[in-house]
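S.K.: after the sequence you'll find the predicted model.
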Amino acid sequence: MIGSLVATAFWAMLPAYVPNNAAVLAGGGRPIDGGREWRGARLLGDGKTWRGTAVGTLAGVALALALNRIAEPASAALGVDLPMFALPAAVALAFGAMCGDIGASFLKRRSGRERGAAFPGLDQLDFVVVALAAVFAVDTDWALAVFTPSVLVVVLVMTPILHVVTNVGAYALGLKNEPW
């Protein structure tokens, strides 16, 4: 039972988990805030770019479509009924994740934190909360069928753990300057 919940939660959230990583790989480009400041601090900072947002969103949607292609054999192999992604749901998850991260950057700048500075809680769940809100707003029937209360609990517990594990891994590989 727990294994199937974890598999479903992980599968359903992959289109939201991948965009921010893809955005980093796309790197650079014009900052969304155009260098503007508010109350003496950048609105978002150089790390939030139009190119990163577009590439991240496209990567999440492409992953969802690829997962649709392997959903049946993966479901059979795992013994779990993994969801197929409706296109509106895939776009909402991916773009919602990007918007959540952008919103977190705005809050970080307002609290005086620099780019890359830790903000416990917000760093781990910003993108998840906005991605879930977006998918429930855009494709409510799909979201209700996939994100049952049990799956939502698993997502909220699993995501911070995955966040820490992937950051420590990136630090060990020299891809990040700090492990958290």
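M.R.: Done, it's in.
S.K.: tell me where the chain has helices.
M.R.: Assignment of helices within the chain using DSSP state H yields the ranges 2-17, 19-26, 50-78, 87-110, 122-138, 140-146, 149-172.
S.K.: I'd like those helices as JSON lines, with mean pLDDT appended.
M.R.: Formatted as JSON lines, those follow (pLDDT from 0 to 100):
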{"stretch": "helix 2-17", "mean pLDDT": "94"}
{"stretch": "helix 19-26", "mean pLDDT": "86"}
{"stretch": "helix 50-78", "mean pLDDT": "96"}
{"stretch": "helix 87-110", "mean pLDDT": "91"}
{"stretch": "helix 122-138", "mean pLDDT": "90"}
{"stretch": "helix 140-146", "mean pLDDT": "96"}
{"stretch": "helix 149-172", "mean pLDDT": "88"}
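S.K.: to residue 34, which of these lies closest?
M.R.: Smallest distance to residue 34 across these (C-beta to C-beta): 9.8 Å, for helix 50-78. C-betas here are computed from N, CA, C, even on glycine.
S.K.: could you check the angle helix 2-17 makes with the closest one?
M.R.: 160 degrees (axes from the mean of the first three to the mean of the last three C-alpha atoms, to 10 degrees).
S.K.: counting by contacts, list what helix 50-78 packs against.
M.R.: Where contact means 3 or more C-beta pairs under 8 Å, 6 or more residues apart in numbering; DSSP states H and E, helix 50-78 is packed against helix 2-17, helix 19-26, helix 87-110.
S.K.: perfect, I'm done here.
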